[in-house]
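**Student:** Got a predicted structure plus its sequence, pasted below:
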Amino acid sequence: MTAAEFRQKLALGTAQFGLAYGINNTHGRPADATVAAVLAEARTAGLTLLDTAAAYGDSEARLGQWLSEQAEASFGVVTKVAAAAPAVVRSAVQASLARLQLPQVYGVLFHDFNALQQQPAAWQGLQASRAAGLTARIGISLYHPWQAQWLLDRRGWDVDLLQVPYNVLDQRFATVLPALAARGVEVHVRSAFLQGLLLRPLDALPTYFEPLRPRLTQLRTLTAEAGIPLEATLLLFAATAPGVSRVVIGVDTAANLRANVAAAQYLTPFSALRPSLAGLLETREELLLPYRWPKTHAAD
């Protein structure tokens, strides 16, 4: 992978544009000037995809305002809607496009797999949206590998885009990623930093996450010995996973984004480090999945 290819794999997540998002967030929702600076930096850095959702506060509207002021469209957008009756889904997609001030988006995902499983006819709403040219790709945001397998086994469900969690601790999807790629499913991974938990100073580790301390300590030891910044290590681990098309990253400032993009300079030494990092995998979902964290720590 080249530095340019690494940058192309990065997608800018925008949940923090509409919400106070992430375990390390101490600043709340960013100001308009900060949002504009981050988006401008993303364009300068060569990023081409934004990730948002109707449920992310006013993220879609803020993106739409900025995009409407640009001389030319420079980003594709993936957004997310709720599963519902097909006509309701189609209307939700159109409402997202209106807020984004775009005629079409790159992708639309259902936010909740369980809701889709309970009302599978909702899939027809996404199919109709794609057929109408409102989006190029359709799919679902997942939490569990079995959900991906369920979709692969589903006849007539032409899923071509999925978003899943993946990081040095949460490697649960590693075995299914190649099968998804072989089926032409584009996979975007989120949680490379596990909502910032993996970057949190160990002396500020919440008691709930104490069981992770040995792995987090080893992670820091490995990165220090390799001479690679922790943030760069985590991004490169996600970006170089077989079957991963994009890594969705959330940042608070333009400086944060520049630091993320700079990870590309460590591609060569990282290749020797990756096998050791793979040994850090954790299986306890109560520690891996933010929706299972105590409310004082969860933001998703």
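**Tutor:** Yep, it's here.

**Student:** Against residue 266, how distant is the residue of the chain most remote from its centre?
**Tutor:** Distance to the chain centre peaks in the chain at residue 225, reaching 28.4 Å (criterion: C-alpha atoms, centre = their mean). Distance, residue 225 to residue 266, using C-beta to C-beta, to the nearest Å: 13 Å. Backbone N, C-alpha and C define where each C-beta goes, glycine included.

**Student:** Same check on residue 289?
**Tutor:** Using C-beta to C-beta, we find residue 289 at a distance of 28 Å from residue 266.

**Student:** Then residue 79?
**Tutor:** Residue 79 sits 32 Å away from residue 266, going by C-beta to C-beta.

**Student:** And for residue 204?
**Tutor:** Computed as C-beta to C-beta, the residue 204 to residue 266 distance reads 25 Å.

**Student:** neighbour-wise, which of those two wins?
**Tutor:** It is residue 266, of residue 204 and residue 266, that has more neighbours when counted by other C-beta atoms under 10 Å, with 21 against 7.

**Student:** and the more buried one, helix, strand or coil?
**Tutor:** Under DSSP: H, G, I helix; E, B strand; the rest coil, residue 266 falls in the helix class.

**Student:** Next: the one 10 residues further on.
**Tutor:** Using three-state DSSP as the criterion, the local structure at residue 276 reads helix.

**Student:** Quick check: phi and psi on the residue nearest to it when sequence neighbours are not counted?
**Tutor:** Spatial nearest neighbour of residue 276, excluding adjacent residues (C-beta to C-beta, 6 or more residues apart in numbering): residue 222 at 5.4 Å. When read as degrees, to the nearest 10, the backbone of residue 222 gives phi -60, psi -40.

**Student:** And residue 222, how far from residue 233?
**Tutor:** Look at residue 222 and residue 233: by C-beta to C-beta, they are 8 Å apart.

**Student:** Pull up the overlap in contacts between the two.
**Tutor:** Jointly contacting residue 222 and residue 233 under the rule C-beta atoms under 8 Å, 6 or more residues apart in numbering are 273, 277.
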